[in-house]
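Just a sequence and a predicted model for now, questions to come.
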Amino acid sequence: MSNEKKAVLRVACKAAFPHTIPVLTGYIFLGMAFGILLNSKGYSAWWALLMSGLIYAGSMQFVAIELLASIFNPIQTVIMSLVVNARHLFYGISMLDKFKDIGKKKGYMIFGLTDETFSLLCGAKTPEGVDENWFRFFITLLDQTYWVLGSVMGGVIGSMFKFNTTGIDFVMTALFIVIYLDQWKSTKDHFPAIAGVVVTVLCLIVFKADNFLIPSMIGILIVLALYKKIYDGKGEKR
């Protein structure tokens, strides 16, 4: 690798890191919670490393802990995975343009598109003089690094100390709330945030807790698509 290429990567990584600090603080503790819970079911830190490195599915990994501890049911596992991770279909659709010219990094970028990384890729602006594609790549890579590190730490801590793990999985919900509030504070247009809450609550009432996730994602996508069309139309008139 040439010195020029190394300089480009170094600058992009350095520029990406500050944007990932909120995810760093969240993923370390969230990953630790996962590692501790996984260890409580008899799986060592090596399993935490393997799952976080190869699966890297956040909430699905928490669900997988119970699936591992129960009687193996492949059909239930597939359905559960699709339901829990259905929202990523919509994330992927909205990132098509941004990933269009990213080259060989596209495969990893798709793999690493978590909720938090999606929020950063949508909100973070590439600094002047920084390669945009590498900037986005390092946001994704750093986020997964934090998750893997936290998971392994949790696995090690879980093997050293035994304690009551009741309620520890709430850290994921807490992290989503923090990211939501951060997005709210960082933008003047709160319609997407409000629309997301309203549509989700309505779908929760109509479809109930076991079936509201996919309808709410579809509803949010439709509402935001219509909003973007109206917003862009007003811009053209100006």
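Nice, thanks for sending it over.

Can you name the residues that contact residue 105?
Contact criterion C-beta atoms under 8 Å, 6 or more residues apart in numbering gives 133, 137 as the residues in contact with residue 105. C-beta coordinates here come from the backbone N, C-alpha and C atoms, glycine included.

okay, now the domains of this protein?
Following automatic domain parsing, one gets these domains for the chain: 3-179, 188-238.

Least confident of those domains, on average?
Comparing the domains of the chain by mean pLDDT, the weakest confidence falls on domain 188-238, with a mean of 79.

how much distance is there from it to the middle of the chain?
19 Å (C-alpha atoms, centre = their mean, to the nearest Å).

after the strand or helix carrying residue 75, next one along is what?
Taking DSSP states H and E as the criterion, residue 75 maps to helix 74-84. Once the chain leaves helix 74-84, the next helix or strand it forms, by DSSP H and E, is helix 87-94.

Toward the C-terminus, what is the element adjacent to that following helix?
The element immediately downstream of helix 87-94 (helix or strand, assigned by DSSP H and E) is helix 96-99.

buried sites along whichever helix or strand comes after that following helix?
Sequence order places helix 106-111 as the next helix or strand after helix 96-99, per DSSP H and E. Residues of helix 106-111 classed as buried by neighbour count (16 or more other C-beta atoms under 10 Å): residue 109.

Next: stretch 134-154.
134-154.

The nearest residue to residue 190 once chain neighbours are set aside sits in which helix or strand?
Among residues not flanking residue 190 along the chain, residue 184 sits closest, at 6.3 Å (C-beta to C-beta, 6 or more residues apart in numbering). Residue 184 is part of helix 171-186 when elements are defined by DSSP H and E.

what does the next helix or strand after that helix rub up against?
Using DSSP H and E, the helix or strand that follows helix 171-186 in sequence is helix 191-207. By C-beta under 8 Å, 6+ apart, the residues outside helix 191-207 that reach it are 180, 183, 184, 212, 215, 216, 219, 220, 223, 224, 227.

Using CSV, list the CA coordinates for helix 191-207.
Included here for helix 191-207 are C-alpha records, laid out as CSV according to Å, rounded to 0.1, in the frame of the first residue of the first chain:
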residue,chain,number,x,y,z
PHE,A,191,-41.2,15.7,11.6
PRO,A,192,-39.4,12.3,10.9
ALA,A,193,-38.9,11.7,14.6
ILE,A,194,-42.5,12.5,15.5
ALA,A,195,-43.8,10.6,12.5
GLY,A,196,-41.8,7.5,13.6
VAL,A,197,-43.3,7.6,17.1
VAL,A,198,-46.9,8.3,15.9
VAL,A,199,-46.9,5.6,13.2
THR,A,200,-45.3,3.0,15.6
VAL,A,201,-47.8,3.7,18.4
LEU,A,202,-50.8,3.4,15.9
CYS,A,203,-49.4,0.1,14.6
LEU,A,204,-48.9,-1.1,18.1
ILE,A,205,-52.5,-0.4,18.9
VAL,A,206,-53.9,-1.9,15.7
PHE,A,207,-51.6,-4.9,15.2
